[in-house]
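1. Quick one: sequence plus predicted model below, questions after.
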Amino acid sequence: MPVVPPLFSDAETDHPAIAQWCSTILAGDTARLLLLGPHWSGKSHAAYAALRRLLAAGYREENITVHQAHELGRTYEPSLIENTTSVTVIDD
């Protein structure tokens, strides 16, 4: 599966927190971005828009891991995001 699924291949956002997060990641620093909101509020769209922004700026795809929450089920462990790529997305 590609980092950005076809459904979100044209996702864009102008949210300032996402712009700041992307700038921080592209500068080589560490940052976390937590997107919260009700079901169908655009969290996935915003997350994939952020990934698209990183990729468009030359960030390497092998530094990004995307997990689907429903696939993790009850097997989630904190090490899943602590010992992985620089950017990890867990999408619901």
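-> Nice, thanks for sending it over. Every value quoted in this text rests on a predicted model; they were computed, and no experiment measured them.

2. For the longest helix anywhere in the chain, buried residues please.
-> If you go by DSSP state H, the chain has its longest helix at helix 43-56. In terms of neighbour count (16 or more other Cβ atoms under 10 Å), helix 43-56 has its buried residues at 43-44, 46-54. Every residue, glycine included, has its C-beta placed from N, CA and C.

3. from the residues you listed, which is closest to Leu33?
-> Minimum distance to Leu33 across those is 6.9 Å, recorded for Ala50 (Cβ to Cβ).

4. Let me know the pLDDT of that closest one.
-> pLDDT for Ala50: 97.

5. packing partners for the helix-or-strand element of the chain with minimal mean pLDDT?
-> Ranking every helix and strand in the chain by mean pLDDT, DSSP states H and E puts helix 79-82 at the bottom, with a mean of 78. Judged by 3 or more Cβ pairs under 8 Å, 6 or more residues apart in numbering; DSSP states H and E, helix 79-82 is in contact with strand 87-91.

6. which parts of the strand it packs on are buried?
-> 87-89, 91.

7. partners of it, with directions?
-> Using DSSP bridges, the strands paired with strand 87-91 are strand 64-68 (parallel).

8. and the angle from the strand it pairs with to helix 43-56?
-> 160 degrees (axes from the mean of the first three to the mean of the last three Cα atoms, to 10 degrees).

9. Going forward, count from 7.
-> Got it, first residue is 7 now, which makes that one strand 70-74.

10. what's the closest non-adjacent residue to Thr91?
-> Leaving out its chain neighbours, the residue that sits closest to Thr91 by Cβ to Cβ, 6 or more residues apart in numbering is Thr71, at 4.5 Å.

11. partners of that neighbour in the sheet?
-> Applying DSSP bridges to Thr71 gives these bridge partners: Thr94.
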